[in-house]
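**Student:** the sequence and its predicted three-dimensional model are supplied below.
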Amino acid sequence: MPALRSFADLLDAARRPPTLSIAIAGGEETEVLEAAAACCSLGLAQPILVGDERRIGALAREGDVDLSGCQVVHRTSADEVARATMQLVRSGQAQVAIKGFVSSTVFLHAALDRELGLRTERLVSHVGVFQIPRFPRLLCISDGGVVLYPDANQKAEIIRNAIEVGKKLGLEQPRVALLAGTNATSLDRPVTREIAGLVAMRELWESLGAVVDGPFTLDVAVDPNAARAAGKGGEVAGRAEILVGPTLEATNTMCKAITYFAGGQMAGLVVGTRAPLALGSRSDPAETRLACVAIGVLFAKGEEIAR
């Protein structure tokens, strides 16, 4: 089966058996409830809503949302909601944790608690899976949300995590571009020297079934014409499927620009934990919310898409 190229493809792949359970942190929002109901009707996942049971019930009645296929776990405060969500996943009652009507800070704090959360010895990083108008494929971008000041070793782990996500999207040999403000290694640009060192780790990338190259500017990484104009060849230039930014600030800004200026949609995933964490924005449309669930479910199934 070819690589997934759209959120519709992602939903179709995630709906294949088996059906997993998801724990949604915070159900006190109509859009969250509608997404949970859609998970049931589409056969995407079995939702467990964690939140104020009375408020959830009232919102469902007001919005005429059918929650008959959803379980509700009653918790009131945001901290209790987030902790209960992670406990459901730790205990195996759910396989994916979904951010609902709680803040990302509260959600991640509970998830990364070393005693009660889902943290492991692996580096935890964020991978955004983007559907962008007029762009011919899904694009993974990392890390725009978790690792504040990654060193070279952490960058290698960020790349590894992103490759793992790419594999789940059906990429047989993910092409990873390491981004900078230039296409050449330069003594006066430390980030390019760091990138050169990462690219040189070819045995590692080959063992993971990926190709990593850089430094590249954004256009040279994804556009064949720009790559040719810059004189850049190889397997990655102009054809990258995964982008790894030079800093969290630069990567986060790029991600926001894609969604706000280019009309792109992002399904956010945090990996490196015991189970995947799916994070979306409260302003996301229904399609994006379901894509967040779908990438979490697909990742949790632990198998590459059958080809």
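**Tutor:** Structure received. Numbering: from 1, shown residues only.
**Student:** in the stretch 201-307 of the chain, which ranges drop under the pLDDT threshold?
**Tutor:** Low-confidence segments of the stretch 201-307 of the chain (pLDDT under 70): 303-307.
**Student:** same thing but at 80, please
**Tutor:** Scanning the stretch 201-307 of the chain for pLDDT under 80 picks out 281-283, 285, 302-307.
**Student:** please identify the helix or strand for the nearest residue to T259 once chain neighbours are set aside.
**Tutor:** Here the nearest residue to T259 in space, its sequence neighbours aside, is M266; by Cβ to Cβ, 6 or more residues apart in numbering that works out to 5.8 Å. The C-beta positions use only the backbone N, C-alpha and C, and glycine is treated the same way. In this assignment (DSSP states H and E), M266 forms part of strand 265-271.
**Student:** same deal with E287?
**Tutor:** In this assignment (DSSP H and E), E287 forms part of helix 286-300.
**Student:** what do you get for T251?
**Tutor:** Of the helices and strands defined by DSSP H and E, T251 is found in helix 248-261.
**Student:** before we move on, what about A13?
**Tutor:** Assessed by DSSP H and E, A13 sits inside helix 7-14.
**Student:** tell me how far that helix lies from the chain's centre.
**Tutor:** From the chain centre to the centre of helix 7-14 is a distance of 14 Å (Cα atoms, centre = their mean, to the nearest Å).
**Student:** immediately after that helix, which helix or strand?
**Tutor:** Next along the chain after helix 7-14, taking DSSP H and E as the criterion, comes strand 21-25.
**Student:** circling back to that earlier point, other SSEs contacting the helix holding T251?
**Tutor:** Secondary structure elements in contact with helix 248-261, counted by 3 or more Cβ pairs under 8 Å, 6 or more residues apart in numbering; DSSP states H and E, are strand 125-131, strand 139-142, strand 265-271.
**Student:** so which of those is the most packed in?
**Tutor:** Per-residue neighbour counts averaged over each of these give the maximum for strand 125-131, namely a mean of 27 (mean count of other Cβ atoms under 10 Å).
**Student:** okay, that one in PDB with CA atoms only?
**Tutor:** What follows is strand 125-131, C-alpha atoms only, in PDB (Å, rounded to 0.1, in the frame of the first residue of the first chain):
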ATOM      1  CA  SER A 125       9.300  14.900  21.300                       C
ATOM      2  CA  HIS A 126       6.500  16.400  19.300                       C
ATOM      3  CA  VAL A 127       5.800  15.500  15.600                       C
ATOM      4  CA  GLY A 128       3.300  17.500  13.600                       C
ATOM      5  CA  VAL A 129       1.700  15.700  10.700                       C
ATOM      6  CA  PHE A 130       0.500  18.300   8.200                       C
ATOM      7  CA  GLN A 131      -2.000  18.300   5.400                       C
END
